[in-house]
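> From the sequence below, what's the structure:
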Amino acid sequence: MTNTNYSTGRTVYLNGRYVPEAEAGISIFDSACMFGDLVFEMTRSFNRKQFKLREHLERLYRSIKMLRIPFEMPIEQLEQLVLEVIEKNQPFIEEDDEDRVAINVSRGILSLYHPIFGGDPGPTLIISSFPLSLTLGAFEGIYDPGLHAITPSQRAIPADLMDPKMKNRSRLFYMIANLQVSLVADPHAWALLLDPDGFVTEGTGSNFFIVIDGELWTPEPRNILRGITRSHTMDLAKQLGITVREKNIELYDVIHADEAFYTSTPACIYPCTKINGITIGSGEMGLMTKQLLEAWSKDSGVDIIAQTKRYAARTQSTATAGANPYRFNADALK
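Presented below is the predicted three-dimensional model:
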């Protein structure tokens with residue numbers, strides 16, 4: 001089956017009903033719109049089987065609890081709804097593609113505006129499923145030449161101001177960092193945020209690792225999102241006999257590292273070969289990075305590099321070619 005129109009036919013679960021993907025929306029009076037008051041999770045499948053869906057949902061419920069959203073649906077019911085959304089959209093996803101799922105929960109309509117709706121409609125729940133290639137297709141070149149980490153002037157928000165372990169959509173600081181990095185004349189430049197003390201934290205939607213003398217280092221889980229892909233990568237490393245250390249990392253450490261990489265749900269591991277214009281290690285994907293990617297592929301039953309390159313090649317011939325969730329057109333920012 002060939003379907004180059006990514007949105008045709010797909011539906012989204014929105015507060016108890018299914019609506020066409022292109023028509024799904026929330027009220028202008030929703031707290032998500034007013035305050036960015038929304039928590040979310042995004043997952044992917046391997047061979048059409050969701051990867052760590054329950055872990056994602058458990059983290060979502062922790063975020064809901066921290067934000068005090070009165071969301072009463074049992075986790076088992078939400079899990080079944082997610083699987084139902086995936087099933088409904090299967091006819092509109094290519095046979096060699098995967099399922100990417102977004103689950104969003106907001107507080108709903110702010111109480112000031114309840115009279116407009118005849119009362120409190122309750123929290124807003126949105127579940128969507130779409131082709132993973134729509135995301136991964138934007139990652140052309142992440143393996144060769146690899147990513148170029150740039151530390152923007154925008155700093156990460158530390159946990160004592162707003163805890164990043166609560167995965168939320170109030171992330172204007174991510175956007176500002178991406179805008180700043182977009183001014184760098186390198187299509188492979190990605191943001192790498194520092195905290196107010198100058199320690200490395202994370203990317204704008206990804207975690208970060210470096211390799212030092214055969215050990216794997218990653219920022220301590222204080223001012224970062226405790227990524228599920230991050231955790232699984234650490235588990236795989238330990239299974240391979242690699243020492244893993246969670247610690248404060250300075251730019252000095254990254255510059256002199258043997259290897260570096262980002263991790264996030266879509267492509268699992270993204271090699272980083274430069275930091276602020278300085279080559280890291282050999283300037284190519286390192287041996288441990290390759291080893292961990294191979295372990296990911298073996299564990300998931302999918303050749304992750306081949307899959308990502310295939311999706312990127314497919315996207316380059318579509319209307320979304322050149323689109324990237326982490327970069328903007330520099331000319332438009334002037």
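> give me the number of residues near P271?
Using other CB atoms under 10 Å, P271 has 22 other residues around it. For every residue, glycine as well, the C-beta is placed using N, CA and C.
> pretty sure F199 is touching I249, no?
Yes. The pair F199 / I249 is scored as a contact, 6.2 Å apart, by CB atoms under 8 Å.
> Find residues that contact each of these two.
Contact with both F199 and I249 is made by residues P219, according to CB atoms under 8 Å, 6 or more residues apart in numbering.
> the more surrounded of these two?
Neighbour tally, F199 and I249, criterion other CB under 10 Å: the higher count belongs to I249, 23 against 20.
> That one and T151, how far apart?
Note on I249: its distance to T151, by CB to CB, to the nearest Å, is 12 Å.
> Likewise for T308?
From T308 over to T151 the distance is 25 Å, taken as CB to CB.
> same deal with H114?
For H114, the distance to T151 - CB to CB - is 44 Å.
> mind checking the backbone torsions on the spatially most central residue of the chain?
Nearest to the mean C-alpha position of the chain, by CA atoms, centre = their mean, lies G205 at 4.6 Å. Dihedral pair for G205: phi 120, psi 20, per degrees, to the nearest 10.
> tell me the contacts of L110?
By CB under 8 Å, 6+ apart, L110 lies in contact with 29-31, 34.
> Select, from the residues you listed, the two members most distant in space.
Spatially, the most separated pair among the contacts of L110 is F29 and S31, at 8.3 Å (CB to CB).
> the more surrounded of those two?
Just comparing F29 and S31: by other CB under 10 Å the higher neighbour count belongs to S31, 22 against 16.
> residue contacts, the more buried one?
37-38, 106-110.
> And I109, by the same measure?
Taking CB under 8 Å, 6+ apart as the test, what I109 contacts is 27, 29-31, 116-117, 120-121.
> which one of these sits closest to R155?
R155 has its nearest neighbour among those in S31, at 26.3 Å by CB to CB.
> What does that closest one show for phi and psi?
Main-chain torsions, S31, degrees, to the nearest 10: phi -60, psi -30.
> From S128, how far off is it?
S31 is 19 Å from S128, by CB to CB.
> what's around F117, how many residues?
Applying other CB under 10 Å, we find 12 residues neighbouring F117.
> Report pLDDT for the residue nearest to it when sequence neighbours are not counted.
Spatial nearest neighbour of F117, excluding adjacent residues (CB to CB, 6 or more residues apart in numbering): I109 at 5.9 Å. Per-residue confidence (pLDDT) for I109: 97.
> The one 10 residues further on now?
Predicted confidence (pLDDT) at G119: the value is 96.
> Can you give the domain ranges for this protein?
The record assigns the chain these domain ranges, following automatic domain parsing: 11-131, 147-315.
> Dump these to JSON lines, plus distance to A138.
JSON lines is the format used below for those (distance: least, CB to CB, whole Å):
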{"stretch": "domain 11-131", "distance to A138": "12"}
{"stretch": "domain 147-315", "distance to A138": "7"}
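> among these, which is nearest F139?
When the domains of the chain are compared by CB to CB, domain 147-315 sits nearest F139, at 5.9 Å.
> Show me how far that closest one is from its chain's centre.
11 Å (CA atoms, centre = their mean, to the nearest Å).
> pLDDT below threshold where in the stretch 1-150 of the chain?
1-7 (pLDDT under 70).
> Now the strand or helix carrying A306: buried residues?
According to DSSP states H and E, A306 maps onto helix 304-315. Using 16 or more other CB atoms under 10 Å as the burial criterion, the residues of helix 304-315 that qualify are 304-305, 307-312, 314-315.
> Determine the set of other helices and strands touching that helix.
Under the contact definition 3 or more CB pairs under 8 Å, 6 or more residues apart in numbering; DSSP states H and E, helix 304-315 sits against helix 133-136, helix 287-300.
> any idea of the mean pLDDT for the longest one?
When pLDDT is averaged along helix 287-300, the result is 98.
> show me what contacts N329?
Contacts of N329 (CB under 8 Å, 6+ apart): S182.
> same question, I275
Neighbouring residues of I275 by CB under 8 Å, 6+ apart: 148-151, 192, 251, 254-255, 260.
> Now list the buried members of the residues you listed.
By neighbour count, with 16+ other CB under 10 Å, those hold 148-151, 192, 251, 254, 260 as buried.
> Right, I'll leave it there.
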